[in-house]
Each structure stands twice: as C-alpha cells, then as structure tokens.
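K.L.:
Just the structure for this:
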Amino acid sequence: MKHSSIDFHKISQALNGTLEAIHGDGDPSAEALESLKNAQDELQQALSFSMSRFN
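P.N.:
I've put the predicted structure just below:
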C-alpha cells in the first residue's frame, strides 16, 4: 500500500497564517472566517482518517 505524502503540519500552518492575516487586516468577513473554519475542520478529519489507516 502506498502511503500518503501529505504534510498536514504545513497545511495547518498555512491555514493559521491565513487566519492571522485576515484578522490583521481589521474587519474580517464572516464568509472568509467560515471558509477557514471549514478548511480547518476538513484538515482535522483528513488527519484523523490518515492516522486511523496506520493502525
């Protein structure tokens, strides 16, 4: 079986950096924050799924 080479840590850092940048711009839009929250949730689900496949 081929293992995934997805770097979840880098993706997480990118999402967090984007979130900080949006907050740093002043008044973040609710739509942008919602999209980032959804992306963080999907990242967590993907990480959990990936870890469950190794067990």
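K.L.:
from here on, contacts and neighbour counts on C-alpha atoms
P.N.:
OK.
K.L.:
Geometric centre of the chain: which residue is closest?
P.N.:
Gln40 (3.6 Å; Cα atoms, centre = their mean).
K.L.:
tell me the contacts of it?
P.N.:
Gln40 sits next to 12, 15 when contact means Cα atoms under 8 Å, 6 or more residues apart in numbering.
K.L.:
which secondary structure element contains it?
P.N.:
Secondary structure assignment for Gln40, by DSSP states H and E: helix 30-54.
K.L.:
pLDDT of that helix, averaged?
P.N.:
For helix 30-54, mean pLDDT rounds to 91.
K.L.:
ok, and for it, which residues are buried?
P.N.:
Across helix 30-54, burial judged by 16 or more other Cα atoms under 10 Å covers 36, 40, 43.
K.L.:
neighbours of Gln13, just the number please.
P.N.:
For Gln13, the neighbour count with other Cα atoms under 10 Å is 11.
K.L.:
I'd like the distance from stretch 32-40 to the chain centre, please.
P.N.:
8 Å (Cα atoms, centre = their mean, to the nearest Å).
K.L.:
And the contacts of the helix or strand where Thr18 lies?
P.N.:
Per DSSP H and E: Thr18 is located in helix 8-24. With Cα under 8 Å, 6+ apart as the test, helix 8-24 has contacts from 28, 33, 36, 39-40, 43, 47.
K.L.:
average pLDDT for that helix?
P.N.:
For helix 8-24, the per-residue pLDDT averages 92.
K.L.:
Report the buried residues of that helix.
P.N.:
15, 19, 22.
K.L.:
how near is Asn38 to Arg53?
P.N.:
Asn38 sits 23 Å away from Arg53, going by Cα to Cα, to the nearest Å.
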